[in-house]
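Peer 1: how does the following fold in three dimensions:
(2 chains)
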Amino acid sequence: MTVLVAPAFRALDDNRQFALARDRPVRHIVLAIMLAGGPFAVGASLAFGDGAGDPTPIKNESGKYYDKQGNPTFKVQSDGTVDWSTYSGFRRYHSDCHVCHGPDGEGSSYAPALSHYLKMKNYSDFADVVVNGRKNVNTAQESVMPSFGTNRNVMCYIEDIFVYLRARANDAIPRGRPQKHEDKAEAATQAENSCLGHTN
Amino acid sequence: MRNFLLTTCMSAVAVFATGAAHANDELIRMSQNPKDWVMPTGDYANQRYSKLKQITADNVGKLQVAWTFSTGVLRGHEGGPLVIGDVMYIHGPFPNPVYALDLNNDAKILWKYEPKQDPNVIPVMCCDTVNRGLAYADGKIFLHQADTTLVALDAKDGKVVWQAKNGDPSKGETGTSAPMVIKDKVLVGISGGEFGVDCHVTAYDLKSGRPVWRAHSQGPDDHMLVDPEKTTELGKPIGKDSSLKTWQGEQWKTGGGCTWGWISYDPQLNLIYYGSGNPSTWNPSQRPGDNKWSMTIFARNPDTGMAKWVYQMTPHDEWDYDGVNEMILTDQQIGGQSRKLLTHFDRNGLGYTLDRDSGELLVAEKFDPKVNWTSGVDMNKSSPTYGRPKVVAEYSTEKADVNHKGICPAALGTKDEQPAAYSPDTGLFYVPTNHVCMDYEPFRVSYTAGQPYVGATLSMYPPPGESNMGNFIAWDGKTGKIVWSNKELFSVWSGALATAGGVVFYGTLEGYLKAVDAKTGKELYKFKTPSGIIGNVTTYEHGGKQYIAVLSGVGGWAGIGLAAGLTEPTEGLGAVGGYAALKNYTSLGGQLTVFALP
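Peer 2: Numbers count the residues shown, from 1 in each chain, chains lettered A, B, ... in the order given. Below you'll find the predicted structure:
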């Protein structure tokens, strides 16, 4: 019995936070299902989820959002306004990743669709590949991704790129440039300047 | 043979000079034999025109597949085969295998060369691991490898005769272009405009592989092989430090101006012609100045590399409109006079015609009506901005962190490297074009050797209200007018071929090889090959029969940008309707298909 209660309370908290940004009825539906079906139903009713777990934002640090496990996450309002990280990630993805991975994380003739990849992989998987690169060289293929660990144009924005692709993996944003976004926080500008250092 | 070469090396340079003249004359003579296809561009004029006429507009509808050959490699297959006598030489994308096929024996493999290259070169090739083809001269086949090695192979057995390292992939330098043999030298460019490379064209001695000269696209005058008094632009000497004055500080050292396109040559004028690519970065506000000599047509002396004339088409580029496309040489009548011309279909959407001797600008007109970033080039000789394109303020991308919308053409240009063809029978050019626009947002980036140095986001889509992403057109270069235009669903990314039979061939990204009437553009034949075509259609004759050959294997920039389909630009909220996705029409492949009449 206690097993049922504990997840219910936690789930309720998440949904209350999320429900503030989304339609209220969702919370009611979830509650109803939980009461009806027990813990399995709770898991199933949280329809959003990717390799990093529940992407619901529960913490806001100067305009950057984090989920309950502390992973960077996206926040999309009902009118489509995205948080700054998601918007920044769209731009940075299309500068450095798009050339191989195609537009909007959709893949190309030779590199995988990251919007699908993140349905199954989490932030540390993602960061590992971006920092170290990847080599799949055998008789069937020669796929090589470079290491971006020394590339400030990527590393200074790696959280943003993850957040953007995570939003795509969850179908929280459609393809194309996000039309509306939250303002860039002063903290973001400062972090960017100190990280990028001098430009050429 | 090797000992003989060694002893001649010891003796006077004069011996080389004699050998040189032979290599030069031999190739010119061979390129006039319509049965063969001896250089990647067909001939030195880059016309991609064949005198073969067994296949005509009347009978091409009966064309059939004669034979096929798999290269064993996936990824984008650019370029085309060479045919010399009874042997066909074909190449592939990374790892760049080379095959010699016996045309007397159903393309049995006479030899195969597969270089051992570090796969770490793959991720520094911005736009797929393509290779644009082989060169031949003096019993040797020349390959420009992805890792920038230029190798000379014995055409009889594929054994390495010499190798030269042209660049350094750890700095983002790679090789994709086809080498060209001009007189006693092999010329080769280099890639890396998205990696801040200071690009150049280098000439290697044909017999020994020793470097003879190297001309950069930016920097001090001696680094660029330009003469302040003798090198001219539009008739005027370019003056001292013409490049340095147009870059801030040392930015020219990561300047780009890459040379990954085609080279043409006029043996009478003794001039080679090629274009340079975009300046690094894609963020124009980070590199103030005209950024000379990126986006420039160069006319150089092949013996010394010294530039005779230059012309910069897109000063202070704001859109990535590389100037590397082919320079087609023709002799045509303008104003009642026979002129030696150079015609160039630039990424920026303008079709240029120049006098290839003096560099005088004769025509600069849009070869896609939707081109909007410029209202035209100033053609007034007494104007201070003579020869400059007038930039439409709305489509300038100078402001960083602003999304500039609706610019046509997109960065991939109205035409990319896929070469056009010219028919002296019709006097028309046949041009494979892209019909795509973009939003472009530049932003601040920092430079690290070997890492991408881009600095802009772009989204691409067909011009508003249209759904075709390509057109195949016929163009009159004397007047700068489109004569006919055939819509294509996707950008036309293959090299065209014109023939004396009155037929023009090209390939589509879905994989169709198409034949159209050279006069009217009417489609006469099509066949779906196993994968999208980004190769150059080639023709040759063997055993009394004319053949048409083309490589299939989707990739290149089209394979990246178009695979998943483009999206409606103005939709942000719940956008559905994307445009046709290339991945719904074709997958990766790697095959040569050869056609003939039954």
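Peer 1: CA atoms for contacts and neighbours, from now on please.
Peer 2: OK.
Peer 1: average pLDDT for the regular element (helix or strand) spanning residue B:333, rounded please.
Peer 2: Under the criterion of DSSP states H and E, residue B:333 resides in strand B:328-334. Averaged across strand B:328-334, pLDDT comes to 95.
Peer 1: now stretch A:87-100
Peer 2: Averaged across stretch A:87-100, pLDDT comes to 89.
Peer 1: ok, stretch B:589-598 next?
Peer 2: Stretch B:589-598 shows a mean pLDDT of 97.
Peer 1: for stretch B:270-289, same thing?
Peer 2: For stretch B:270-289, mean pLDDT is 94.
Peer 1: how far is it from where the chain is centred?
Peer 2: Remark: stretch B:270-289 is offset 15 Å from the chain centroid, using Cα atoms, centre = their mean, to the nearest Å.
Peer 1: gap between residue A:186 and chain B?
Peer 2: As judged by Cα to the nearest Cα, to the nearest Å, residue A:186 and chain B stand 16 Å apart.
Peer 1: count of residues packed around the residue of the stretch 101-250 of chain B found nearest chain A?
Peer 2: Taking Cα to the nearest Cα, chain A has its nearest neighbour within the stretch 101-250 of chain B at residue B:123, 5.4 Å off. Residue B:123: 24 surrounding residues under other Cα atoms under 10 Å in any protein chain shown.
Peer 1: do the same with residue A:115
Peer 2: 22.
Peer 1: contacting residues around it?
Peer 2: By Cα atoms under 8 Å, 6 or more residues apart in numbering or on different chains, the contact set of residue A:115 is A:104-106, A:165-166, A:168-169.
Peer 1: before we move on, the earlier item: who are the packing partners of the strand holding residue B:333?
Peer 2: The contact analysis (3 or more Cα pairs under 8 Å, 6 or more residues apart in numbering or on different chains; DSSP states H and E) places strand B:328-334 against strand B:264-266, strand B:337-345.
Peer 1: of those, which approaches chain A most closely?
Peer 2: strand B:337-345 (24.1 Å).
Peer 1: what strands line up against the helix or strand that that closest one is followed by, and which way round?
Peer 2: Next along the chain after strand B:337-345, taking DSSP H and E as the criterion, comes strand B:350-355. Paired strands of strand B:350-355, with direction, are strand B:337-345 (antiparallel), strand B:361-366 (antiparallel) (DSSP bridges).
Peer 1: from residue B:205, how far off is the nearest residue to residue A:113 once chain neighbours are set aside?
Peer 2: Sequence neighbours aside, residue A:107 is the residue nearest to residue A:113 in space, at 3.7 Å (criterion: Cα to Cα, 6 or more residues apart in numbering or on different chains). Taking Cα to Cα, to the nearest Å as the measure, residue A:107 falls 43 Å from residue B:205.
Peer 1: among these two, which residue is more densely surrounded?
Peer 2: Neighbour count, other Cα under 10 Å: between residue A:107 and residue B:205, residue A:107 has more, with 25 against 18.
Peer 1: so which residues make contact with stretch B:346-356?
Peer 2: Residues contacting stretch B:346-356 (Cα under 8 Å, 6+ apart): B:299, B:314, B:321-325, B:329, B:339-345, B:360-368, B:371, B:409, B:411-416, B:477-478, B:480.
Peer 1: give the rounded mean pLDDT of stretch B:504-522.
Peer 2: Here the average pLDDT along stretch B:504-522 is 98.
Peer 1: ok, stretch B:29-37 next?
Peer 2: Stretch B:29-37 carries an average pLDDT of 97.
Peer 1: and the strands paired with strand B:350-355: which comes nearest residue A:181?
Peer 2: The minimum distance between residue A:181 and those falls on strand B:361-366, with 37.0 Å, by Cα to Cα.
Peer 1: got the CA coordinates for that closest one in PDB?
Peer 2: Extracted C-alpha coordinates of strand B:361-366, given in PDB (Å, rounded to 0.1, in the frame of the first residue of the first chain):
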ATOM      1  CA  LEU B 361      33.300  41.500 -67.600                       C
ATOM      2  CA  LEU B 362      30.700  41.200 -70.300                       C
ATOM      3  CA  VAL B 363      27.600  39.700 -68.800                       C
ATOM      4  CA  ALA B 364      26.300  39.100 -65.200                       C
ATOM      5  CA  GLU B 365      22.700  38.000 -65.000                       C
ATOM      6  CA  LYS B 366      20.600  35.900 -62.700                       C
END
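Peer 1: contacts for it?
Peer 2: Under Cα under 8 Å, 6+ apart, the answer for strand B:361-366 is B:234, B:349-355, B:376-377, B:379, B:387, B:477-481.
Peer 1: give me the buried subset of the residues you listed.
Peer 2: Among the contacts of strand B:361-366, those buried by neighbour count (16 or more other Cα atoms under 10 Å in any protein chain shown) are B:234, B:349-355, B:376-377, B:379, B:387, B:477-478, B:480.
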